[in-house]
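Q: Compute the structure for the input listed below.
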Amino acid sequence: MEVRFTPAFDAQRREYSFCFTCETCAHFDDGDGTCLHGFPNRLHLLATYDSEPRPEAIVFCKDYDFA
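A: Numbering: from 1, shown residues only. Down below sits the predicted model:
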């Protein structure tokens, strides 16, 4: 699912420690940085949202499971 990445969302995700990226998902392999389901995850990594330029959209994984 994709939604627009806005400055307001960026501020709120930081303020409330919103977890939505692979690094906080139970299906993430910390060892090699991949999804245990084999899904491509480049757009789901925290670095995507912390890098410049900021992405235009937030890409939420439908199989995200908080670890």
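Q: From now on I want contacts and neighbour counts done on CA atoms only, so please keep to that.
A: Noted.
Q: remind me, longest helix of this structure?
A: Scanning the chain for the helix with the most residues, using DSSP state H, yields helix 7-15.
Q: Quick one: low-confidence residue ranges for the protein.
A: Low-confidence segments of the chain, defined by pLDDT under 70, are absent.
Q: please redo it, this time with the cut-off set to 80
A: Low-confidence segments of the chain, defined by pLDDT under 80: 67.
Q: For the residue nearest to Phe28 when sequence neighbours are not counted, list the residues it contacts.
A: Using CA to CA, 6 or more residues apart in numbering and skipping the chain neighbours, the partner closest in space to Phe28 is Cys35 (4.7 Å). Taking CA atoms under 8 Å, 6 or more residues apart in numbering as the criterion, Cys35 is in contact with Cys22, His27, Phe28, Asp29, Asn41.
Q: Quick check: PyMOL command selecting the buried ones in those residues.
A: The PyMOL command for the buried members of these (criterion: 16 or more other CA atoms under 10 Å) is given here:
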select buried, resi 22+27+28
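Q: Return the member of the contacts of Cys35 nearest to Pro55.
A: Set against Pro55, the nearest of the contacts of Cys35 by CA to CA is Asn41 (14.6 Å).
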